[in-house]
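A.B. asks: coordinates only, sequence not included:
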Ligand code: KG4
Ligand code: ZN
């Protein structure tokens, strides 16, 4: 019997303000990873401007894919499949990576798959630690999502346990950073400022952390910070550090409390924490402490693979290909796409 060589998959991610390309061989060997961020594009506006993001992706897609191929020392003809994020995200941004990926697959006559962005984030945790077997609890914490899922085996759709009623936790980090006069992107800047502050300086609410169910709410916490900012104006460096540390403690305490509750009530011993906010050092440390205390496995991807990247898209794509999934080249992009619902299934 001839042995089929392992897939060499090109992954493309462009759901928000990062254009990224990566090559993954055999489902888990990272061969190349390139990212083009757009900090200077959005910095003057203090947030991502969708129209500017997609325009910059048009300039970035070819150089980013070429850089990934160059890093791996291969030519496009060696690819055996192409995967691109199909949703959820900003449609204008998604369309650039998705259309380019489909066109390349067409030209190379190789299979194409459209990947769910959150499935990609979850696969980055599975890549990080092979002990993270399904089923497990998935805590997705990013700029657009804050949700707890029960992740079942690959043939069963994940079950949403609960999500945020209002702001996503990353969005709250970004908005509070702006209130404190910290630079864009806000989440990492706030986390750096918090290192010099006292997390107990301001007594902030931990919304819903003790309530039944698995919903989250971050808008009240943000408003509580705003009131404290107004009370203390003008803010000195010490105020900024204390407010940043107190907000970070409140925001992450809620995530730890909700995840522990889900693990306990679902009778589960494994947790994946994924998405941009999973890069947060305090969240990693506090969840790690809870894991030791309660005796569960908490898996975080390496910090560089918590924020948007294309390795997660290539790896999630490789898993889909190995299950026999192939998508037609008329696959659309979706701004909203529940986890577990495939973009291809939606289009029909
Ligand atoms: O997953 P991601 O790159 O994009 C989305 O899919 O949304 O997440 C971006 C979010 C932003 O809100 C960013 O401020 C936040 O993740 N973030 C952080 C940190 N690094 C990124 N939040 C807190 N601490 C960090 N170190
Ligand atoms: Zn993301």
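C.D. replies: Good, I have the coordinates. No experiment lies behind these values; they were computed from the predicted model shown. Ligands and ions are numbered 1, 2, ... in the order given.

A.B. asks: quickly find the element holding residue 207.
C.D. replies: Using DSSP states H and E, residue 207 is not contained in any helix or strand.

A.B. asks: go through stretch 62-81 and flag the buried ones.
C.D. replies: Across stretch 62-81, burial judged by 16 or more other C-beta atoms under 10 Å covers 64, 65, 67, 68, 69, 72, 74, 79, 80, 81. From N, CA and C alone the C-beta is placed, and that goes for glycine too.

A.B. asks: how many neighbours does the residue of the stretch 101-250 of the chain found nearest ligand 1 have?
C.D. replies: In the stretch 101-250 of the chain, the residue that lies nearest ligand 1 is residue 187 (2.1 Å; C-beta to the nearest ligand atom). Neighbour count for residue 187, taken as other C-beta atoms under 10 Å: 25.

A.B. asks: ok, the one 5 residues further on next?
C.D. replies: Using other C-beta under 10 Å, residue 192 is surrounded by 15 other residues.

A.B. asks: would you agree it falls within a helix?
C.D. replies: Yes: assessed by DSSP: H, G, I helix; E, B strand; the rest coil, residue 192 belongs to a helix.

A.B. asks: so what's the residue in the stretch 51-200 of the chain positioned nearest to ligand 2 closest to, chain neighbours aside?
C.D. replies: Using C-beta to the ion, the single residue of the stretch 51-200 of the chain nearest to ligand 2 is residue 142, 4.4 Å away. Nearest residue to residue 142 in three dimensions, chain neighbours excluded: residue 275, at 3.2 Å (C-beta to C-beta, 6 or more residues apart in numbering).

A.B. asks: so how far is ligand 2 from the one you found?
C.D. replies: According to C-beta to the ion, to the nearest Å, residue 275 and ligand 2 sit 5 Å apart.

A.B. asks: which ones are touching that residue?
C.D. replies: Taking C-beta atoms under 8 Å, 6 or more residues apart in numbering, we find residue 275 in contact with 118, 121, 140, 141, 142, 143, 145, 170, 306.

A.B. asks: from those residues, which are also near ligand 1?
C.D. replies: When contact is defined as C-beta under 6 Å from any ligand atom, the contacts of residue 275 meet ligand 1 at 142, 143, 170.

A.B. asks: please flag which of those sit within helices.
C.D. replies: Judged by DSSP state H, helices contain the following of the ones next to ligand 1 among the contacts of residue 275: residue 170.

A.B. asks: ok so, going back, which of the buried residues of stretch 62-81 lies closest to residue 200?
C.D. replies: Distances from residue 200 to the buried residues of stretch 62-81, taken as C-beta to C-beta, are shortest for residue 64 (43.5 Å).

A.B. asks: okay, now residue 302: neighbour count?
C.D. replies: 11.

A.B. asks: next: residue 330.
C.D. replies: 9.

A.B. asks: what pLDDT is listed against it?
C.D. replies: Note for residue 330: predicted pLDDT of 97.

A.B. asks: likewise for residue 51?
C.D. replies: 98.

A.B. asks: one step back: okay, and which of the buried residues of stretch 62-81 map to strands?
C.D. replies: Using DSSP state E, residue 81 are the members of the buried residues of stretch 62-81 that sit in strands.

A.B. asks: and this structure, which residues reach ligand 1?
C.D. replies: Going by C-beta under 6 Å from any ligand atom, the residues of the chain near ligand 1 are 16, 142-144, 170-171, 173-174, 185-188, 191, 275-277, 279-280, 307-308.

A.B. asks: hmm, 5 Å instead?
C.D. replies: 142-144, 170, 173-174, 187-188, 191, 275-277, 279-280, 307-308 (C-beta under 5 Å from any ligand atom).

A.B. asks: which two among the residues you listed are spaced furthest apart?
C.D. replies: It's 144 and 191 that sit farthest apart of the residues of the chain next to ligand 1, by C-beta to C-beta, at 18.5 Å.

A.B. asks: more neighbours, those two?
C.D. replies: The neighbour comparison of residue 144 against residue 191 (other C-beta under 10 Å) goes to residue 191, with 21 against 18.
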